[in-house]
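**Q** sequence plus predicted model, see below.
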Amino acid sequence: MIPDDVNGGRNANLGRAVVEPEETLRVLEPGQTYASVTDKISAIALAHQHPRSWLIGFITSSTLLMVFCYATAYVLIMGIGVWGNNVPVAWAFDIINFVWWIGIGHAGTLISAVLLLFRQEWRTSINRFAEAMTLFAVACAGLYPILHLGRPWVFYWLMPYPNTFGLWPQFRSPLIWDVFAVSTYATVSFLFWYVGLIPDFAVLRDRSKRPFSQIVYGILAMGWRGSAIHWQRYETAYLLLAGLATPLVVSVHTIVGFDFAVSIVPGWHQTLLPPYFVAGAIFSGFAMVMTLAIPLRSMYGLEDFITLHHLDNMAKVMLATGLMVGYGYLMEVFCAWYSGNQFEWYVTVNRAFGPYALCYWALIACNIFIPQLMCFRSVRHCVPALFVISLIVNIGMWLERFVIIVISLHRDYLPSAWEMYYPSVWDFAQFFGSIGLFFALLFLFVRFIPVISIFELRELVHETEGGHKP
Amino acid sequence: MSNLDLTSLEQNAIRAVRSRQADGDSMQFWRSLEEAAAAPEFEKYLHREFPSQLAVWEDPVGRRSFLKLMAASLAFAGVTGCTRSPEEKIVPYVRSPEELVPGEPQFYATAMPRAGYGYGVLAESHMGRPTKIEGNPEHPITRGGSDAFMQASILALYDPDRSQTILHRGAIETWDVFVRAMTEEMERLRKNQGHGLRILTGTVTSPTLAAQLTDLLQALPQARWHTFESTVPESVAAGARLAFGRPVDTVLRFDQAKVVVSLDGDFLSGLAGSLKYAREFIAGRRAVSDSSAMNRLYVAECTPTITGAMADHRVAVPPSQIALLAKHILRQITPESSVAVDRELTGQPGPWLTAVIQDLREHRGASIVTTGAGQSAEVHALVHAINQSLGNVGHTVTYIDPVAVSPPQPGSGLHELVTEINVGDVQTLIILGGNPVYNAPGELNFEKLLSKVSLRLHLSDFQDETSFLCDWHIPAQHYLESWSDIRAADGTVSLVQPLIAPLYGGKSPHEILSVLAGQPTRVAHEIVHSYWQKQLSGTDFSRRWRQALHDGVIPQTAAKPVEVPFKLDLSNLVDATKKSLASDQALEIEFRPDPTVWDGEYSNNGWLQELPKPLTKITWDNVAAISPKTAERLHLSSGDLLEVTVAGRSLQTPVWIMPGQADNCVSLTFGYGRTKSGQLGTGRGSNAYSILPAGKHWFSTGTVRKLPGHHVLATTQNHHSMEGRDIVRVTTLTDVQNPPEHPAHATSHTASPQSMYAGFKYEGNAWGMVIDQTACIGCNACVVACQSENNIPVVGPEQVAVGREMHWLRIDRYYHGELDAPEVYFQPMMCVHCEEAPCEVVCPVAATVHDSEGTSNMIYNRCVGTRYCSNNCPYKVRRFNFLQFSDQTTPSLKLLRNPDVTVRSRGVMEKCSYCIQRISHARIDAKIEHLPLVPEGAVVTACQQACPTRAITFGNLANKDSEVRKLKESPLNYGVLEELKTLPRTTYLARVVNPHPNLPVPGAVPPHAPMPARPATGGKAES
Amino acid sequence: MSGSTSTPPHVYGLLAQFDQPETLRAAASQAYAQGYRRMEAYSPFPIKDMVSVMGHPRSRLPILTLVGGVLGGVTGYVMQYYACVISYPLNVGGRPLNSWPAFIPIIFELTILGAALFTVFGMLGLSGLPMPYHALFNVPEFKRASRDQFFLCIQAADRSFDLLQTREFLNASHALAVYEVPR
């Protein structure tokens, strides 16, 4: 949608440049017209009937959501003592889940913004729900910093506002940086997502038969008419937002990395952490997009729009970021050794051979070895395989946070204070519950909002086909 | 949950360990031991579905019970109205204002009785309610110091489970009815001169009470008075009688001794004079003052005690071998002695003994040989003989007439009472205090016999096992509620004065006795007052009485030393304890009082229950300690259930593998297995008294059998090695006197001077602390003092097991060296108030910040509970209220609180504040007097005040000549983890040991953990 | 001019429908050559050069973004400096009051936030959105502007607008159909 790119094959080549010549991978399967793409996608949002798979999925995730609500209520009533946390392991599932969700929340904006700047047209089919995924993941993540507080009801003390204490937040604390980073990220991601939606809301407004949805979508579309001057401003704004979102994505997980890097806990206190947190975030983010895209395309028969080409590219991105993460693990060990710092070294050894060694090696398997399968084209083109691998990577990334947080904390400086950590059922209840929250939101999104950017598809049609033929 | 270390010690683990030990890498041992043990335990736990949490989430009952445990159980009615002051005139200690100044505490001198002896205390009173106990500087035993029991005694006063009503066969009765009933009974008894009347008391040192008893016995010639003290076996007195033909008490003067040999004698804790002994022993040990004066301690004992932990050379010896050791020592120092050495020594004591004898020979008159209560009369006699022949008597060892008043007729112990009951001589039994049904030796079967007595009366502060078997139960007064007098171990008399009227209308033994004497109207004050009116005869009695109340002691009442000729013919001294183990299943079973709940008297005291045992760090439970070798042989792991059988009676208890324990010995502690205690004490652990033989000493032989099942023990420290980190630094006296090129204790880290930050300038006061690790005996007094001063809640065993104990001040205990004979180090660890505190920087709401005097403070009402500060604290001294731990509902406990300290609620972090409330109090005083700085000694932290050995020094660094500042100049001074550049305000003095030249040096500075070879920085740690 | 006078007041303009972006662009440029100024093209997706063809100026949006960013960043630092140095100075772990390195992350985040907000609301504001009613919505076929059809609307307000001539002109430029847009 960058003006220069609209017509002419130049950027079509760019698009195809990703593809091996002998491959017949397309970003859009042939035979699509402006009308067909518009109808096909908008139909999903406007349909009365929905596939049984949607119903089942929605019910399951809502059930999990109920579990989350119950667990959360119990935690609020009893206190976070119902979790397994203790001293020295004062952070555990709460922060693990926070970081995990935030990480997942990175692919969306990244796909939309960075790929947009790099003019990767294959993003078109996946950016919409990738962004939605970002929003919902950030929503889940945002809950934990509040719920993990000893006194959650005063969470707003972390915001700077004039108060009767005459006190301000302590701006040197990475947790305050988190507050700003996460809220900014949530806001900008939402704006980015919403701006992208405006023309499609106009589509739904115009195509909906029911007055009610006409009104609702009409309001959401804000009177969009697709006039040329609006399109011009729209594209400028979208481009600017992309330009802003890109450093933001990087900064957010960098700051999450600061939570640990700024502390003096052995195993946390490393300049390495921020970059490798970012890589990890993209890694897990793409894994989650994959996990969602694969069932989605089969559920709604979107194979023409989310093609093997997309999956193949995402697999490659995962492969690359996965290797970066692997490099991070290696450097972690090397730094610990090279620093000559006995505390760092003990933590490193304790990770690999201590009481939690199981988790460490599981993490290595999930994040380093198994993803290597994606080196083979055959695997990259085998959809079930990709689905399984993406699931494994999601698990692996969760384990990574467990290793970093729990294993570093449970044995730090004074052996007298060393303790083991064991999660309680409430830890698990809230974790799986938050997954329920995530999917519940996602299913609602699929139900009411175009899962693929329609107007961008129309552009794609315009580039690839004539538009109206056949 | 906890105890992933020794408790989960699997056999293969030990074997793995042994092999590494062979490679001489003692550090390696501990780590691999833990790791070998950890993995299976981890899975076991997961399979057990997070047992630690069961209590919290699974059953509501469990949840409620832990809620109850949080501070000390449910509310009882009728306590709120109980703060009226007593009618009798009592005298403030420090300042006596015209009238009470609100907010200004008052201090009263009184004395705490324990096992019959008096401990002088100052009780802090806020608006008429006692809130804190300190040692009385005027008192010869405490001298301002205190022990855990004294500190915790304040909680006993407000314990909601205390007995609150007079019971007659379980039904509530009034005092008048009781008086009527007793008067009738006494009239009947007077007719037959008190035939069939027996009075059973504990050790009686109170002159008034003794006088009352004597009068009563004169009035009723046929009546008898028996004494039974559950933690003072008769062997002590018997030993003296054996040696001198008459009972005497031994008073030791450790400050005069250069060499101290303890044969199974834990003189640093448990004796009536322990506080004094600890103070004087350490006084003779401070290398900082005059290093040539440092004494040397040898200990031979079965299970490690804090005395053993302080030893320069310790050997683990079965209790039955002690007699043999004593004989060898005696034989060697006085060859002419006629003592028969019937066996040769075997094993490790060899070189130890040679050194001991050499040192004793070189320090005749300046040495002490001592033994413990648990040993046989013969051993006590032998020890007397050794001190005699070393010429210590008169110098380091003096004898005094027994402080305890013994009944007129001989043979008046529990055994005799039992035989009399058996033959049916006893119709009326008055039990004043004590709990014989629980803690009489099981062999005596006291519980069954009691029913043979027709009228049974029990005076006690709880409705305990004995009360339930008595016709009459009278609630006793807490010492802070009662008038009395009591003598200390050295004979000094203290007056006991009440600070508060009895909360539950309790009675004192004086009043019971006067009822028996037919004067039911006399109250304790009148009785005590009139007794002393006779004693302190003279014109100015009222002034001397006032003075005595004010000071807390009556001058010139300490017992004078007596000359006692040594009478015993050693040649025909039979070793009553000589035993040979029948089979290899047979083990020696050793009994001793529990270091925290004593003989069960304190089993309902949450502070003492949750107080980690000094060596094992176990809370809320007792165990059977066995040595690693024995564990290997019997295939036992810590936490396994064990059945210990002695002479047909057996008990079930979890095993604890105790490094430094003598092989083939099981050590049990008293005080647990209570069936009728309060909500905290009932049903915890197992009752060692039930299998205690009726002999005169505290060990025997028995068998053990492993039972199925594993018991999770709540320990506060699960890892016992320093991992080669120089956390506790140790050096030898010789190194201190003429320091080598690179003293081992000197910092191994050149913490670079330059900092990124300019650093804050501290004008005015700057607070700092120094802890002398040579002086810390690990007695735990400071821990409870801190808990009492700062309203620290009790969390209960489940929470301790998950690692959520709340003690601001903990005493870390590290092992170093061999598995079978490790050195033990104690390190008091609390917030060190870093000047560049890592915790503060990460707090998002500025809930922990520095004040202008350099203390790191918690602002509770600002804390939102992110716990980031705890993660970032390298010392892990921050405590978090994961749940509503502190009991804010129980009325009686509200009286307990220190009004100067916030009671924390759920979800906030807390930590040591350097007793900021005391600092600000002193700051205000200084302001009033227009002083630029708070003067030296104006601020004394609770831990510092409690410490009997003055190991903790706190003061104003801005004050040029403050002691703390001097100590920080000492070459021994170092900061724990100083390489992190946290600039701690609390620093430590390296522990100084004084080994015998011919023996291996104990605990040279631990080697660093093996680092991957890298020449650049080697083992140097920079962070 | 006569043309403009002959225009009935209830007419907003004339709407020409095309099925190809190229024809639309061609028609638009012809219209511009004819002297039409007040016209607007509508398409289901952005078409290159459409704006320049109709002689619209470049967008001023980027300047707004810059302003927002600068404002955000300055606010970030001022707020932190005021809180830590002026309003309530505290000794936090011995760190200097003005610990500017620690303030950078928040400054950065607020810069982004300010820029983003200005961009989005600037875009909407300049385009006069939200606009719930517009005359074009009165033409039923206009719905297809969001599907597959392309429209060119010449407004009656244009000086050289004339109902008949303009309709002829539009028909001449290969419009599939021409509609009269009522107000």
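**A** Done, it's in.
**Q** just give me the longest strand of chain C.
**A** Scanning chain C for the strand with the most residues, using DSSP state E, yields strand C:11-18.
**Q** is chain B within reach of whichever strand or helix holds A:Cys335?
**A** According to DSSP states H and E, A:Cys335 maps onto helix A:308-339. Yes. Applying C-beta under 8 Å from any C-beta of the partner chain, one finds helix A:308-339 in contact with chain B at A:337-339. Glycine gets a C-beta too; all of them are placed from N, C-alpha and C.
**Q** SS state for the closest residue to chain C within the stretch 351-500 of chain B?
**A** Relative to chain C, the nearest point of the stretch 351-500 of chain B is B:Leu499 (40.7 Å; C-beta to the nearest C-beta). Recorded secondary structure, B:Leu499: coil (DSSP: H, G, I helix; E, B strand; the rest coil).
**Q** name the nearest residue to it, sequence neighbours excluded.
**A** Nearest residue to B:Leu499 in three dimensions, chain neighbours excluded: B:Pro130, at 4.5 Å (C-beta to C-beta, 6 or more residues apart in numbering or on different chains).
**Q** equivalent analysis for C:Phe169, please.
**A** C:Phe169 sits nearest to C:Gln34 (C-beta to C-beta, 6+ apart), 6.3 Å away.
**Q** how many neighbours does the one you found have?
**A** Neighbour count for C:Gln34, taken as other C-beta atoms under 10 Å in any protein chain shown: 14.
**Q** ok, A:Trp193 next?
**A** 22.
**Q** in the one helix or strand it maps to, which residues are buried?
**A** Assessed by DSSP H and E, A:Trp193 sits inside helix A:174-207. By 16 or more other C-beta atoms under 10 Å in any protein chain shown, the buried positions in helix A:174-207 come out as A:174-182, A:184-193, A:195-207.
**Q** please apply the same query to stretch B:816-825.
**A** Neighbour-count burial for stretch B:816-825, counted by 16+ other C-beta under 10 Å, picks out B:816-817, B:819-825.
**Q** so that stretch, near chain A or not?
**A** No. Stretch B:816-825 stays clear of chain A (C-beta under 8 Å from any C-beta), getting no nearer than 10.4 Å.
**Q** what distance separates the start and the end of that stretch?
**A** Using C-alpha to C-alpha, to the nearest Å, the end-to-end distance of stretch B:816-825 comes to 8 Å.
**Q** highest neighbour count among the residues of helix A:308-339 next to chain B?
**A** For the residues of helix A:308-339 next to chain B, the largest number of neighbours (other C-beta under 10 Å) sits with A:Ser339, at 20 neighbours.
**Q** for that one, give me the pLDDT.
**A** In this model, A:Ser339 is scored at 87, pLDDT.
**Q** next one: B:Met27
**A** Reported pLDDT for B:Met27: 37.
**Q** before we move on, what about the one 5 residues further on?
**A** B:Ser32 carries a pLDDT score of 34 in this model.
**Q** swap in A:Asn7?
**A** 37.
**Q** got a list of what residue 265 touches?
**A** By default, I'm working from chain A. When contacts are counted by C-beta atoms under 8 Å, 6 or more residues apart in numbering or on different chains, A:Val265 touches A:408-409, A:412, B:871-872.
**Q** was after chain B, sorry
**A** Neighbour list for B:Gly265: B:301, B:307, B:370-372, B:375 [criterion: C-beta under 8 Å, 6+ apart].
**Q** before we move on, back to that, just flag the most distant two among the buried residues of stretch B:816-825.
**A** B:Asp820 and B:Tyr825 (17.3 Å; C-beta to C-beta).
**Q** which SSE is the residue of the stretch 251-400 of chain A found nearest chain C in?
**A** Nearest to chain C in the stretch 251-400 of chain A, going by C-beta to the nearest C-beta, is A:Ile255, at a distance of 5.4 Å. Assessed by DSSP H and E, A:Ile255 sits inside helix A:228-261.
**Q** check what pLDDT the residue nearest the centre of chain C gets.
**A** Per C-alpha atoms, centre = their mean, the C-alpha nearest to the average position across chain C is that of C:Ser127, at 3.7 Å. Predicted confidence (pLDDT) for C:Ser127: 86.
**Q** same deal with the one 3 residues further on?
**A** On pLDDT, C:Pro130 comes in at 86.
**Q** which ones are touching the residue lying closest to it once chain neighbours are set aside?
**A** If the residues on either side of it in the chain are set aside, C:Pro130 comes closest to A:Met222, at 3.4 Å by C-beta to C-beta, 6+ apart. Residues near A:Met222 by C-beta under 8 Å, 6+ apart: A:198, A:201, C:124, C:129-131.
**Q** recalculate using a threshold of 7 Å.
**A** A:198, C:129-130 (C-beta atoms under 7 Å, 6 or more residues apart in numbering or on different chains).
**Q** tell me the confidence at B:Asn973?
**A** 90.
**Q** same question for B:Phe446.
**A** Confidence score, pLDDT, at B:Phe446: 90.
**Q** tell me where the chain is predicted with low confidence.
**A** With no chain named, the answer covers chain A. A:1-31, A:465-470 (pLDDT under 70).
**Q** ah, no, chain B please
**A** B:1-87, B:89-100, B:287-292, B:340-348, B:572, B:574-585, B:741-754, B:1002-1023.
**Q** in it, which residue sits nearest chain A?
**A** For chain B, C-beta to the nearest C-beta, closest residue to chain A: B:Gly865, 1.9 Å.
**Q** name the SS class of the closest residue to that residue other than its chain neighbours, please.
**A** Once flanking residues are discounted, B:Gly865 sits nearest to A:Gly150: 1.9 Å by C-beta to C-beta, 6+ apart. Of the three states, A:Gly150 takes coil under three-state DSSP.
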